[in-house]
Structure formats: structure tokens, C-alpha cells
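Undergrad: Take this sequence and fold it.
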Amino acid sequence: MPKSRRWKSPNVLLVLFCAVGSWLLTPPPAMAEDQGLGGAADAKLSNGPGFPGSHESPGQYLERAVDSFTTGDYRRALHLLREALKRGRLSAAERHRAQFLRGWINDRLGHFQQASAAFFQVRKLEAHPLRELAAFYEARADLRRGKLRTAISECDRYLREFVDGEMADECRLILADAHMGLGAYRLAIERYQQFLDEHPEDQRGEELRLKIAESLERAGDLQGALRAFRALYLNHRLPTTSLAAEQALRRLEASGVELPKLSDQELYVRACALRDSGEVESSYELYCDLEKRQAEGTDPEGALARRLADERHTFLWRNRRYEEVGEWNAAKYEAEPSEPAAAEHLYWAVQGLSRAGRFEEAVRYQEIGRKRFPSHRRFRSSYERSALLHVGAGNYRQAREAYQRWRGASSRARRSSKVRFFVAYYAYRGGLFAVAKEELEELTRRSSRYRVAARYYLGQTLRRLKQRGAAEEQFQAILKDHSDSWYALVLRSRERRRSGLQPDLKLRDGRWPGLRSGRERPAHAPLRTGSLQGALNRLIDAARPGLAAPLDPDESLGAPRRDTDGRLLVAPTSPWSSASLLMTDGRPAASQLPLLPNSADLVAADDVAGQPPPTWQASSLWDGAQGKQLWRDFVRANEPHWGGLATAYELSRVGLGELAGPLLSEIYNEVRKVRRKRSIKRKVSRWKASNGRRGGPEVARWAAILELGLDNGEWRDLFAAAGYPASVAHFANKATEYGKLSRADQDGRAAWTLLYPAAFAPHVWRAGWENNVDPLLMLSIMRAESLFRHDAVSRVGALGLVQVMPATGARVAALMGRDDFRVEKLLSPETNIGVGTWYMGQLLDRFAGQYPLAVGAYNGGPHNIGRWLRSKQGIPLEEFIEEIAFDETRNYIKKVMRFYSIYADIYGQGSAVQIPSATSQDDATVINF
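TA: Below you'll find the model as predicted:
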């Protein structure tokens with residue numbers, strides 16, 4: 001999971017491609033869209049709650065259809081669209097929107113013939129903002145339904161008409177898939193390779209290389225296939241790639257192809273690839289085998305043998321063999337304490353033993369290093385490391401002394417509020433309460449980020465000194481002046497435990513809130529030995545290139561009895577599924593399909609979780625009608641300047657805000673750039689002075705930008721009307737001083753939804769229900785990880801809303817049984833939220849429901865939380881978190897907990913977040929990656 005909060009937008013082509021249908025819940029397996037509902041069921045559906053009456057206009061049917069679509073009720077949306085189109089009297093614009101949405105939903109349901117027909121209705125128009133997208137989706141739908149030559153023809157048409165179109169590269173991949181399906185393997189290979197040459201960093205690179213290798217095999221070029229599969233077997237980033245290549249090589253060998261023996265150097269490359277893809281056990285076994293073979297071989301002092309020896313500690317480290325790293329380097333030092341590499345061995349002994357949780361031994365070697373090698377780069381300025389090792393060992397007074405030495409040696413440390421705080425904090429933890437009182441009082445008078453923490457621990461210190469009145473003053477000051485802080489949350493939780501719960505107060509503890517009628521909470525069983533390997537094998541079997549398998553993140557595999565992820569549906573999975581999820585060989589009769597969410601045969605959620613709320617709520621800061629009018633006026637006034645603006649508007653009108661938002665963001669980025677650049681302003685001035693004769697069309701656009709005059713509140717409303725939570729939260733924070741805005745009344749809470757939206761609520765609620773995780777906790781993580789940007793990519797490669805690393809995503813998806821997983825699907829909100837929520841559910845199980853620790857493990861890794869916890873079970877939870885060695889993880893926990901408390905205040909219907917009082921157990925057998 002991610003450790004970076006910095007991200008950038010990936011290629012917009014991949015984002016648009018991966019966002020296909022990603023707004024909503026996995027849809028139910030409905031009947032073909034043109035098939036009638038049948039008899040009484042049809043009549044009952046027409047008059048069900050939420051449906052327009054016979055007196056309402058077709059336009060209202062369209063509005064209700066969009067509403068149903070955005071809440072995940074595909075079946076009702078299709079019914080309303082059919083009624084709207086059947087009744088006529090729709091304006092041309094409404095009819096075209098209805099057809100596009102009809103195609104989109106049918107495509108998600110696996111009704112590719114109906115999807116193609118609906119997209120054709122928009123594509124055939126001479127001029128329409130959605131025409132280009134409709135042309136692409138029509139071609140893709142035809143590929144999926146097996147009309148390969150038709151798909152080729154449509155893609156060729158697209159590439160002629162939209163030479164630089166947004167989906168041009170994706171059309172070329174459709175051409176490659178179609179050619180592969182038709183047996184034109186050389187042409188397919190050429191198309192795949194062209195894409196890889198033009199996009200070498202594309203997330204789908206390994207999948208495309210597997211397709212090239214498979215095409216070579218089918219074309220009869222077995223030696224070429226052998227070379228391609230062999231290269232992927234040796235060098236890859238994903239565990240699924242390794243398994244697919246291994247299976248292919250065995251298949252070639254069984255067909256009579258002689259496989260050349262791998263050299264030890266090649267095996268070393270594979271060991272590194274296995275390590276980097278998370279297959280640490282296999283990597284370690286291969287490394288040990290190589291080391292043994294080199295020692296027993298004819299050249300035990302050769303280049304590879306020296307490399308293996310030189311990199312032993314770092315290789316073991318990256319394979320998480322921390323104890324071996326520590327012991328091996330400690331033994332090396334003890335054997336030859338005067339050799340040139342002695343300081344390095346000491347350093348790695350300290351690192352390995354501390355990561356293994358053996359802090360006392362790590363402290364001993366750290367002190368040896370400081371005394372023997374005070375000027376060595378590993379020990380020259382290692383005061384904080386000494387302090388943290390003492391903290392891990394529970395030696396708080398020694399930790400304080402280490403921080404004090406740092407202050408004495410460094411002017412930077414003397415100025416650091418962090419160092420000042422921890423000097424005082426470890427006086428408190430070391431029992432030096434009088435000293436701690438004096439130092440913490442000084443910190444409370446300073447303006448720094450540690451001021452609230454100092455006030456909290458001053459109160460704790462005063463309690464230890466039996467000055468309860470003074471302590472209470474400090475605590476009340478926190479509750480009054482910093483009510484949303486981590487420390488206020490700790491204080492409220494403690495007070496509830498002390499005074500007893502209010503009868504009507506419901507608490508949130510990171511799990512799905514409350515009980516469900518008729519069903520126990522879902523529970524996670526520990527991962528069985530070999531379960532991951534079996535899951536990955538199933539994923540590989542499902543992922544092998546087929547005759548017409550498009551590279552699509554939301555592929556439904558063309559089967560109407562499967563969900564949009566290609567899995568056979570077996571049972572009701574959430575209270576918000578709107579149709580029967582029966583696994584049968586035949587199509588369900590209309591009478592078998594429940595009509596509404598929360599029908600009698602679905603499990604109802606209690607009133608604590610409730611139904612998924614709207615993304616934003618009407619308030620004094622946000623009026624939906626006014627926002628839509630502002631959006632409409634903005635488009636009309638500026639459409640000539642930005643070709644994509646009309647497309648964004650049309651997408652937003654059919655509920656596809658995740659496609660509309662990035663297009664509007666591109667416009668805003670240009671607006672910001674133009675306003676900041678003086679050179680552009682000078683060009684605009686010359687253009688105006690010449691009456692438009694000097695400068696190209698871009699200067700006219702710049703002039704329009706400089707005259708826009710939109711403030712942060714108006715940009716917020718534009719993005720809200722477009723349906724893009726990421727930018728709404730960003731501009732809401734700029735437009736309003738939320739620190740002065742109370743949440744005591746309904747209007748205040750509704751206004752806060754702009755800053756804390758229920759983004760992607762249908763996905764979040766469903767994943768939370770399935771994995772026994774509070775959806776408000778996942779919203780808090782999402783806000784901290786990406787600020788609701790579904791296309792976020794961190795500097796280390798973590799993807800999507802909750803920032804999942806590709807290798808982790810592949811392993812989790814395999815264990816979830818998602819045999820349709822592709823790396824690019826992590827940019828799809830549904831997949832990203834599902835994978836991240838499953839992982840969080842496992843972390844909650846590992847740490848016995850102590851959700852602050854699970855949140856810390858999500859950021860810093862479960863192994864690290866586990867090693868810090870090993871000697872500190874039973875201590876106050878807030879003190880354990882204060883002593884986490886990673887600043888980022890410590891601050892991340894506090895931030896997410898603050899978000900969680902605010903979300904509960906806004907959406908929790910009177911419930912409250914309760915922090916556990918003390919740390920408890922850690923079961924590493926549940927999950928450890």
C-alpha cells in the first residue's frame with residue numbers, strides 16, 4: 001500500500017478508458033435490455049416508488065434514469081430510458097443523451113448488441129459532443145460481441161475521422177485484439193508493439209507483451225514465442241506475469257520445444273524480479289539455491305559469487321528477511337571487528353535486528369557503532385535512530401537523552417519543535433513528571449504543530465502529579481479550541497468509557513456499523529498456505545488472451561449471466577443490489593427479480609449505516625439548481641474556446657462525472673497558467689490593441705480566460721455540477737473557512753459535505769458491507785490518499801482512489817477471486833475501492849479490530865506495526881501511536897482518525913467514533929503484506 005501522498009495524472013487516454021462504467025456498483029445480471037419485464041412484474045415496476053407517474057414528461061423519465069444510474073440501479077435506469085424514448089416528445093439533445101446512456105448501461109450489463117445499436121444512434125450524427133466517444137464504444141461493443149470485422153471497420157473509420165482523437169490509441173488496441181481473434185497474428189503483433197513503443201510506461205505493458213508472445217505461439221513461431229515468454233519469466237513486475245510465462249514455457253516444452261537452460265546470471269535476474277513483484281518466499285529460495293551453487297561450483301570467487309555476497313544483506317532486506325540480515329551482519333562484525341566494512345556490518349545489524357523487533361540487541365550494536373565509528377556516515381548523525389531504538393526497547397529516559405544529545409550537536413535540532421516535543425514527551429513516559437510539566441508548559445505557549453499534543457500530554461502529566469483540576473483545564477481547552485483533532489477524539493472516547501454510554505448513542509469502531517437482520521457480519525478467515533498460489537493460477541487461467549479479449553478494465557467477458565467483472569453471480573452481496581443475483585444456467589424470469597433495493601429477500605442494513613448518501617447535500621453553500629445553471633451558462637459562453645467543454649457537459653448530464661471532471665480540470669489548469677504568466681498577458685494586450693489581428697486563436701482563448709473572473713466558490717459549484725468530487729473538495733477548502741462553520745445543525749453538516757463528500761458512495765457502501773469495514777472509514781482513507789482523484793498515480797506507482805500498488809493489487813485480487821484483474825483496473829473506482837476495502841478488512845482482522853493500528857498498517861505496512869507492537873501490548877493506544885517511528889505513518893493515523901470523526905459527525909446519524917483504550921494482540925497469520 002502507498003507511502004506517498006504525491007501524485008500526478010496519468011495519460012488521459014488510459015484514464016478515460018479505465019473509467020468506462022466505473023461510476024457505479026457492479027450491476028445485476030438483468031435480462032437483455034429490449035426484452036420486456038413481463039406481465040404483472042412489468043406493471044408493478046412501472047408504478048414502483050421512485051418512478052414517474054403517467055402524467056410526467058419524458059424529460060423527467062430521463063432525469064430519473066440518470067438518478068437511478070448514479071445510485072447503481074441499472075435495471076430501473078434502463079426501464080426509464082426505454083419509457084422516455086418510447087413516449088417521444090424528448091428534445092433532440094435529450095434523446096441523444098438517452099441513447100448514449102442506454103448504450104453505456106447495456107455495455108456494462110454485457111448486452112453488447114444493444115450497446116452497439118445505442119452508440120450507433122449517437123455516432124451517426126453529423127455533429128455531437130459525444131460522437132467521438134460513441135464511435136469508440138460502438139467499436140468496442142462490436143469487438144466484445146464477436147463482430148471482429150465490424151470492429152475493425154469501425155476503428156478504421158474512427159482513426160480516419162479523429163486522427164488525434166482521445167481514444168485513438170485504444171482503438172489501435174481494439175484493432176490488435178480483433179486481428180488476433182481473426183488469426184492475423186503478425187498484424188496483431190505489429191499493433192501491440194507499436195503501442196508499446198509509443199507508450200513504454202503504460203501500466204498494461206506486461207499484459208501486452210504476454211499477448212505478443214501468445215500471438216507468436218499461435219502463429220507457429222515457437223522460437224519467437226519462447227524468447228518472448230522467457231523474457232517475461234525472467235523480468236516482470238507482477239506475480240501474474242511470472243505465472244503466465246511459466247505456464248506458457250511448460251506448454252511449449254510439452255509441445256516439443258527444447259527450452260535452453262537458464263544461466264545462473266539469468267536466475268539472479270529472476271530472483272530480483274520475484275522479489276520486486278512481492279513473491280518474497282520464491283525469491284529467497286532461488287537466491288539461497290544460487291548462493292549454494294556458486295559456493296560449490298568451479299568458480300566460487302567469480303563475479304556472480306562476489307555479487308551475491310556483496311548484496312546479501314540488501315537482498316535479504318528486500319525479501320523481508322530482517323532477522324537474518326541482522327544476525328548475518330552481527331556475526332560478520334563480531335568475526336572481524338576491524339575490517340574496513342565493519343561499520344557497514346554494524347549498521348545493517350542494527351537495521352535488521354530492529355526490523356525484527358529485537359530492539360535491545362539493536363541498541364547494543366548502535367551504541368558500539370556510535371563509539372567506534374563516530375565520523376562514519378552511518379553513525380555520524382544517528383541521534384534520532386538511537387532515540388527510536390530506545391523507544392522500541394521501552395527505554396524512555398535513554399530516548400530522551402538521545403534527543404537531548406541531538407539538540408546539543410545540531411542547530412537544526414535545537415530549532416525543531418518536533419525534537420522539543422519528544423524531549424518533553426519522553427520525560428513524561430520515563431516518569432520524570434516534574435520535568436515533563438515544565439517542558440510541556442513551554443511548548444503550549446509556542447505556536448507549532450505540536451502545540452495540541454503538548455497540551456494533551458501536559459494534562460496527562462498533571463493527572464500523574466494529582467493536579468486533576470489543572471489537567472481538566474488542559475483537556476477542556478483541547479475540546480473547545482481543537483474539537484476535530486486526534487486528541488479531542490481520544491478525550492471524548494475516554495470520557496464515554498468513564499461515564500458510561502448514552503442509551504441512544506451508537507459507536508463506530510472501524511467495522512460495518514450495527515448488526516444486520518438475518519445474517520452475521522462477514523468474517524475473514526486467515527489466509528491458508530498455498531491459497532495465494534492457487535488464486536494466482538486461477539487468475540492466470542482467466543486472463544489468457546482469447547480470440548476477442550479487449551484490454552478493458554471493466555470487461556464483462558460477453559456473458560449476460562455474469563457481472564461486469566466477468567464473475568458468475570452467486571448470491572446477494574449487498575443491500576443495494578437491485579436485482580436477483582442468482583447463479584443459474586438460464587435467464588431468470590421477471591417475477592424472480594426483486595424490484596427495489598432492500599427488498600424482503602435482501603439483507604437490510606440498520607439505521608446506523610443507512611443507505612449510501614448523495615455525494616453532496618443542499619445547503620446555504622450549495623444549491624444544485626443554481627450550480628447546474630452556472631455550469632450551463634459557463635459552457636454556452638466558453639464552448640468556442642475549448643472543444644472538450646461541450647463533451648464534459650454532455651457527460652455530466654448523463655451521470656458520468658468521472659469522465660467530465662478531468663476534462664474540466666484541464667480547462668482550469670490552463671486558466672491558472674494563463675493568469676500567472678505575464679508573457680501571456682502581454683500577448684493578450686497586443687492582440688486587443690490590434691483588434692484581434694496579432695496572434696492566433698489561442699490568444700482569443702487567453703483573452704476570454706483573463707475575463708472569466710470566477711472565484712473559488714464558483715469553481716467549486718462548477719465542478720459539483722459536473723460531478724467531480726476531487727476538485728469540489730479542493731475549491732471548497734479555499735472558498736470557505738470551515739473552522740468557523742459549525743456542524744451542530746443540519747445546514748452546517750450539509751455544507752461540510754462539500755469538503756467531506758460521500759464520494760463514490762455506492763461502491764464504498766457495497767465494499768464496506770462485503771468486507772465488514774465502516775464505509776466512513778474508507779471515505780476517510782480515500783480523502784487522505786488521493787482527495788477523491790480516481791486517476792491519482794503516486795511517485796512510487798500507487799494507483800487510484802485508495803492508492804494501491806500494482807503488485808499488491810494483483811495479489812489481493814487473486815485472493816478475492818477476481819479472475820478478471822488487470823493493473824489498469826486500479827484506476828477504476830469500483831475495483832480500486834473493492835481491493836482497498838478487502839485489504840483493510842484483513843488488517844482489521846490481524847489487529848483484532850483496532851482500527852487505528854489497521855490504518856497505520858495500511859500506510860506503513862503491517863510488519864512494521866507488528867514489530868512496534870510486540871513489546872507494547874496493553875499500553876494506552878494514543879501513546880503507542882505517539883511512539884511510532886515513522887513520522888508519516890504516525891501523522892497519517894491521526895489525520896485519518898480526524899477525517900473519520902468528521903465523517904461520522906456529518907453522515908453518522910448521531911453515532912460517534914470510539915478509540916480503543918489500549919493496544920492488544922497482533923495475528924500475523926491473517927495477512928503480512
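Undergrad: And the helices in the stretch 601-750 of the chain?
TA: Applying DSSP state H, counting those that start in this stretch to the stretch 601-750 of the chain gives helices spanning 624-638, 643-653, 657-676, 678-689, 697-706, 712-722, 725-735, 746-752.
Undergrad: now these as a markdown table including mean pLDDT?
TA: Formatted as a markdown table, these follow (pLDDT from 0 to 100):
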| stretch | mean pLDDT |
| --- | --- |
| helix 624-638 | 95 |
| helix 643-653 | 95 |
| helix 657-676 | 94 |
| helix 678-689 | 92 |
| helix 697-706 | 90 |
| helix 712-722 | 96 |
| helix 725-735 | 95 |
| helix 746-752 | 96 |
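Undergrad: okay, Gly709: pLDDT?
TA: On pLDDT, Gly709 comes in at 88.
Undergrad: nope, Arg693 is what I meant
TA: Confidence score, pLDDT, at Arg693: 83.
Undergrad: Now it, what are its backbone angles?
TA: Dihedral pair for Arg693: phi -90, psi -20, per degrees, to the nearest 10.
Undergrad: quick revisit: quick one, which of the helices of the stretch 601-750 of the chain is packed in tightest?
TA: Of the helices of the stretch 601-750 of the chain, the one with the most neighbours on average (mean count of other CB atoms under 10 Å) is helix 712-722, at a mean of 23. C-beta coordinates here come from the backbone N, C-alpha and C atoms, glycine included.
Undergrad: Run through the neighbouring helices and strands of it.
TA: Packing partners of helix 712-722 (3 or more CB pairs under 8 Å, 6 or more residues apart in numbering; DSSP states H and E): helix 624-638, helix 643-653, helix 657-676, helix 725-735.
Undergrad: Now do the phi/psi pair for Val913.
TA: Dihedral angles of Val913 (phi, psi; degrees, to the nearest 10) stand at phi -80, psi 130.
Undergrad: typed the wrong thing, it's Leu799
TA: Per degrees, to the nearest 10, the backbone of Leu799 is at phi -120, psi 140.
Undergrad: Which among the helices and strands packed on helix 712-722 is found nearest to Leu388?
TA: Comparison of those against Leu388 by CB to CB identifies helix 725-735 as nearest, at 33.7 Å.
Undergrad: Give me the helices and strands touching that closest one, please.
TA: For helix 725-735, the packing partners by 3+ CB pairs under 8 Å, 6+ apart are helix 657-676, helix 712-722.
Undergrad: just how off-centre is the last one within its chain?
TA: Between the mean C-alpha point of helix 712-722 and the mean C-alpha point of its chain there is a distance of 24 Å (CA atoms, centre = their mean, to the nearest Å).
Undergrad: what does it rub up against?
TA: Outside helix 712-722, the residues that touch it by CB atoms under 8 Å, 6 or more residues apart in numbering are 616, 621-622, 624, 626-628, 630-631, 634, 648-649, 652, 657, 660-661, 664, 668, 710, 727-728, 731-732, 734-736, 754.
Undergrad: If we use 7 Å, what do you get?
TA: The contact list for helix 712-722 (CB atoms under 7 Å, 6 or more residues apart in numbering) reads 616, 622, 627-628, 630-631, 634, 648, 652, 657, 660-661, 664, 668, 727-728, 731-732, 734-735, 754.
Undergrad: Mind checking the helices and strands packed on helix 712-722 for the one nearest to Ser242?
TA: helix 657-676 (32.4 Å).
Undergrad: angle of the closest one against helix 678-689?
TA: 80 degrees (axes from the mean of the first three to the mean of the last three CA atoms, to 10 degrees).
Undergrad: Kindly list the main-chain dihedrals of Leu507?
TA: Torsion angles, degrees, to the nearest 10, at Leu507: phi -100, psi 150.
Undergrad: so what's it up against?
TA: Applying CB under 7 Å, 6+ apart, the residues contacting Leu507 are 911-912, 914.
Undergrad: so where's the protein uncertain?
TA: Scanning the chain for pLDDT under 70 picks out the ranges 1-59, 298, 501-504, 515-610.
Undergrad: let's go with 50 and repeat that
TA: 2-16, 19-55, 516-522, 525-529, 542-543, 545-606 (pLDDT under 50).
Undergrad: all strands for it, in order.
TA: Using DSSP state E, the strands assigned to the chain run over residues 7-8, 507-508, 793-794, 912-913.
Undergrad: what separates the second one from the chain centre, distance-wise?
TA: So that's strand 507-508. 25 Å.
Undergrad: Could you tell me which strands sit next to that strand in the sheet, and their orientation?
TA: Sheet pairing of strand 507-508 (DSSP bridges) gives strand 912-913 (parallel).
Undergrad: which residue ends up closest to the midpoint of the chain in space?
TA: Centroid check for the chain by CA atoms, centre = their mean gives Val802 as the closest residue, at 2.4 Å.
Undergrad: In contact with that one, which residues?
TA: Residues near Val802 by CB under 7 Å, 6+ apart: 781-782, 785, 832-833, 836.
Undergrad: out of those, who's nearest Gln294?
TA: Among the contacts of Val802, and counting by CB to CB, the member closest to Gln294 is Gly836, at 41.5 Å.
Undergrad: surely that closest one meets Met805?
TA: No - assessed by CB atoms under 7 Å, Gly836 is found out of contact with Met805, at 10.9 Å.
Undergrad: Who has more neighbours out of the two?
TA: Gly836 (30 against 22; other CB atoms under 10 Å).
Undergrad: Run through the residues that contact the closest residue in space to Gly224 that isn't next to it in sequence.
TA: Distance criterion CB to CB, 6 or more residues apart in numbering; nearest residue to Gly224, sequence neighbours excluded, is Leu216 at 4.2 Å. By CB under 7 Å, 6+ apart, Leu216 lies in contact with 189, 224-225, 228.
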